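**Q** give me a 3D structure for the following:
(2 chains)
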Amino acid sequence: MSVPAGPYLTEDGRQIGDVLMEMKNITLKFGGVVAIKDISFDIREGEIRAIIGPNGAGKSSMLNVISGFYHPQEGEVWYKGSVRPAMKPFEVARQGVGRTFQNIALFEGMTVLDNVMTGRLTHMHASVWDQAIWWGKAEREEVFNRDQVEKVIDFLEIQAIRKTPVGRLPYGLKKRVELARALAAEPSLLLLDEPMAGMNVEEKEDMSRFILDVNDEFGTTIALIEHDMGVVMDLSDRVVVMDYGKKIGDGTPDEVRNDQAVIDAYLGVPHE
Amino acid sequence: MELLNKIFIAPFVDMVAAPDFLMQVLWEGLVSGVLYSLIALGFVLIYRSSRIFNFAQGIMVVFAALTLVGLHEMGVPAWLSVFLTLAVMFGLAVSVERIVLRPLVGQPDIILFMATIGITLFLIGLGEIIFGGENKQMITKELGIPTGSTDFDILGGYVSFQHIDITAVAVAGLLVTSLLLFLNKTRMGRAIRALGDDHQAALSVGISLQTIWILVWFIAGIIALVTGIAWGSRAGVSFALEVIAYKALPVLMLGGLESIQGAIIGGLMIGMLEKMFEIYWGQPILGGNTESWFAYMLALVVLLFRPQGLFGEKIIERV
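**A** Numbers count the residues shown, from 1 in each chain, chains lettered A, B, ... in the order given. Just a heads-up that it's a prediction; the model follows:
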């Protein structure tokens, strides 16, 4: 069962729209090492798109290409209907692509609230001068954005730790704060690099619920990398499977699950 | 016995006997301390946002003061020269980012440190070519900074406050307060703090390294100018001024490289302690001139017991 080419409604009633981002024939090399080889796929508005594959398959590299941390030698990145020129990561972020990191990249010395507030930076435009004077524009802006941040904090249920320095939090909560920061930016596309790595079952369930809620509530398009097959299959609308830098499968979880190449490479050949 | 008396008893007897003099000593120490704090603050800001130990902070003080005085000598009105000097410091911040930092992004810290030594040497040369190497007088009067002194009849004697010193302390206090507000309350300030914690994460929320670096170096430039004016009014403007910047090193060891509060408290502590040590212990026992080394000695002792400094983030190693 594959998905329709145009906009459609999912079984649980979510609207999937047109293509938001498309990777066309991306090739990425580090010296002689080919990390990604001629990969094309698209991400559609409103969907949860997973990229899976064994270690070293090039999943994280792909995410870094999307978020502008790496620049592919060949191929084009299409975003919102036009080719995206080579950009710095912060410019990509300002275009509405938010992300989290595999090894958690938070501002450890700052409180949860301050961390999430940094997510609003792209929405704040008071000039240096306004900020130096503070009263007026800068203050209004700060108050408004603080409100938005509180909503995100409520949504992800981290009210209780708002004032805690992030460095003191346990791993699972840090992951959630990182998600909150990315979410505060109201991204058009949210990239999650192994959102459940290193979590216990309970934390994984929480995180899955949050990811689904974010997608459902805000209609945020999400692309995620994940190792846990069960989680991926439950969460995502479509899955790209990578192995050794190549794409070996692409489709709904069911299609991918029954694809022989995918089974061989990633899931292991079943014993008869 | 005589020595023990000189170390443990006599100084304190003196302090109690002449509280007005103690007050005077503490005030003098406080003024130096404020300036040490300011310079240390310049170091901390740049270190926190880019992990660069900026060796050039000292020469920036000299360069700012020289530019100010030099411009005035060329016939520019005093206050206009202040603004022009600020413009020069901004230009310096932009060039440092473009020419030095940007090509070196991602290099090991030591390389960036070396680069700031390069900036130091370059600025010494440039300063000498443009403004000459001889000593200059700070244009204190022209800037409207009061120069007299007020004597207070307290504590059974006279305590004398130089107006220059009062101004320096007030301006420094104002500068530090606004800086703290800026860092804690505004978008840019938050970005500066964020950048110091994690470059990648900062990029992912749309913070531009370049913009923040220019901003931070410019703030360091403003601090340098204020310090240059204050210190230049007391000691004249020359390249020897750079040496006071090295006094910021023990301040940083005490306060930790990361902590703004640490830089302020560390600076004040060193300023006051070195003055007291010089007057009550240094001169009677060691023949004076202890101010040149006391701060370093103190820092060494502190490091023995607290390697992260008095206020540095606690070092916890996960095994």
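
**Q** what residues does chain B have near chain A?
**A** Proximity of chain B to chain A is confined to B:178, B:181-182, B:185-191, B:193-194, B:196-198, B:200-209, B:215, B:258, B:313 under the rule CB under 8 Å from any CB of the partner chain. Bear in mind the C-beta positions are built from the backbone N, C-alpha and C, glycine included.

**Q** assumed residue A:25 was part of a strand.
**A** Yes: counting by DSSP: H, G, I helix; E, B strand; the rest coil, residue A:25 is located in a strand.

**Q** how about the nearest residue to it, chain neighbours excluded?
**A** Of all residues not flanking residue A:25 in the chain, residue A:75 sits nearest, at 4.2 Å (CB to CB, 6 or more residues apart in numbering or on different chains).

**Q** before we move on, which element is the one you found in?
**A** Here residue A:75, judged by DSSP states H and E, is contained in strand A:74-79.

**Q** next SSE after that strand?
**A** Next along from strand A:74-79, by DSSP H and E: strand A:82-83.

**Q** direction included, what does that next one pair against?
**A** strand A:74-79 (antiparallel) (DSSP bridges).

**Q** need the CA coordinates for the partner strand. PDB is fine.
**A** What follows is strand A:74-79 as a C-alpha-only set of coordinates in PDB (Å, rounded to 0.1, in the frame of the first residue of the first chain):
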ATOM      1  CA  GLU A  74      26.700  17.000  -6.100                       C
ATOM      2  CA  GLY A  75      23.000  17.300  -6.200                       C
ATOM      3  CA  GLU A  76      20.400  19.900  -5.200                       C
ATOM      4  CA  VAL A  77      18.300  20.600  -2.200                       C
ATOM      5  CA  TRP A  78      14.900  21.900  -3.000                       C
ATOM      6  CA  TYR A  79      13.000  23.700  -0.300                       C
END
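
**Q** ok now do residue B:130, which residues does it touch?
**A** residue B:70 (CB atoms under 8 Å, 6 or more residues apart in numbering or on different chains).

**Q** separation between it and residue B:123?
**A** Counting by CB to CB, to the nearest Å, the gap from residue B:130 to residue B:123 is 11 Å.

**Q** with just CA atoms, put stretch B:147-162 into CSV.
**A** Provided in CSV are the C-alpha atoms of stretch B:147-162 (Å, rounded to 0.1, in the frame of the first residue of the first chain):
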residue,chain,number,x,y,z
THR,B,147,40.6,66.5,38.3
GLY,B,148,40.5,67.9,41.8
SER,B,149,40.1,66.0,45.0
THR,B,150,37.8,66.0,48.0
ASP,B,151,39.0,65.4,51.5
PHE,B,152,36.7,63.9,54.0
ASP,B,153,37.1,64.5,57.7
ILE,B,154,36.3,61.1,59.0
LEU,B,155,37.6,58.3,61.2
GLY,B,156,39.8,60.8,63.1
GLY,B,157,41.7,62.0,60.1
TYR,B,158,41.6,62.9,56.5
VAL,B,159,40.7,60.6,53.7
SER,B,160,41.3,62.1,50.2
PHE,B,161,39.3,61.1,47.2
GLN,B,162,40.6,62.1,43.7
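
**Q** in ChimeraX, how would I select the buried members of the residues of chain B next to chain A?
**A** In ChimeraX, this line selects whichever of the residues of chain B next to chain A come out buried by 16 or more other CB atoms under 10 Å in any protein chain shown:
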select /B:182,186,187,188,189,190,191,193,194,196,197,198,201,202,203,204,205,206,207,208,209,215,258
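
**Q** now do the helix or strand containing residue B:43, average pLDDT.
**A** Residue B:43 belongs to helix B:19-50 when assigned by DSSP H and E. Average pLDDT, helix B:19-50: 87.

**Q** tell me the buried residues in it?
**A** For helix B:19-50, burial by neighbour count (16+ other CB under 10 Å) applies to B:20-50.

**Q** which other helices and strands does that helix contact?
**A** Secondary-structure packing of helix B:19-50 (3 or more CB pairs under 8 Å, 6 or more residues apart in numbering or on different chains; DSSP states H and E): helix B:57-73, strand B:157-162, helix B:163-185, helix B:187-197, helix B:209-235, helix B:242-246, helix B:248-255, helix B:260-276.

**Q** roughly how far out does it sit from the chain middle?
**A** Relative to its chain's centre, helix B:19-50 lies at 7 Å (CA atoms, centre = their mean, to the nearest Å).

**Q** give me the below-cutoff pLDDT ranges for the stretch 1-150 of chain A.
**A** In the predicted model, the stretch 1-150 of chain A carries pLDDT under 70 at residues A:1, A:126-129, A:132-135.

**Q** please list the residues of it that sit near chain B.
**A** When proximity is defined by CB under 8 Å from any CB, the stretch 1-150 of chain A lies next to chain B at A:67, A:69, A:88-91, A:93-94, A:98-101, A:105-110, A:114, A:117-119, A:121-122, A:124, A:126, A:128, A:131-132, A:134, A:138, A:141-142.

**Q** need the buried ones from the residues you listed selected in ChimeraX.
**A** Buried residues within the residues of the stretch 1-150 of chain A next to chain B, by 16+ other CB under 10 Å, are selected in ChimeraX with:
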select /A:67,69,89,90,91,93,94,98,99,100,101,105,106,107,108,109,110,114,117,118,119,121,122,124,126,131,134,138,141,142
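
**Q** now the closest residue in space to residue B:230 that isn't next to it in sequence: how far from residue B:138?
**A** Using CB to CB, 6+ apart and skipping the chain neighbours, the partner closest in space to residue B:230 is residue B:168 (4.0 Å). Using CB to CB, residue B:168 is found at 12 Å from residue B:138.

**Q** find residues that contact each of these two.
**A** residue B:233.

**Q** and the helices and strands packed on helix B:19-50, which one averages the lowest pLDDT?
**A** Among those, helix B:242-246 carries the lowest mean pLDDT (a mean of 77).

**Q** so which bits of the stretch 151-272 of chain A are right by chain B?
**A** A:181, A:182, A:185.

**Q** please parse chain A into its domains.
**A** Listed domain ranges for chain A are A:1-96+A:217-272, A:98-186 (source: automatic domain parsing).

**Q** so for residue B:220, which of the ones you listed sits nearest?
**A** With CB to CB as the measure, domain A:98-186 is the member of the domains of chain A nearest residue B:220 (15.4 Å).

**Q** so what's the residue count around residue 59?
**A** Using chain A. By other CB atoms under 10 Å in any protein chain shown, the residues close to residue A:59 number 27.

**Q** the intended chain is chain B.
**A** Neighbour tally, residue B:59, other CB under 10 Å: 25.

**Q** how close does it sit to residue B:156?
**A** For residue B:59, the distance to residue B:156 equals 45 Å [CB to CB].

**Q** do the same with residue B:165
**A** 22 Å.

**Q** compare those two (neighbour count), which wins?
**A** Using other CB under 10 Å as the criterion, residue B:165 and residue B:156 rank with residue B:165 on top: 21 against 10.
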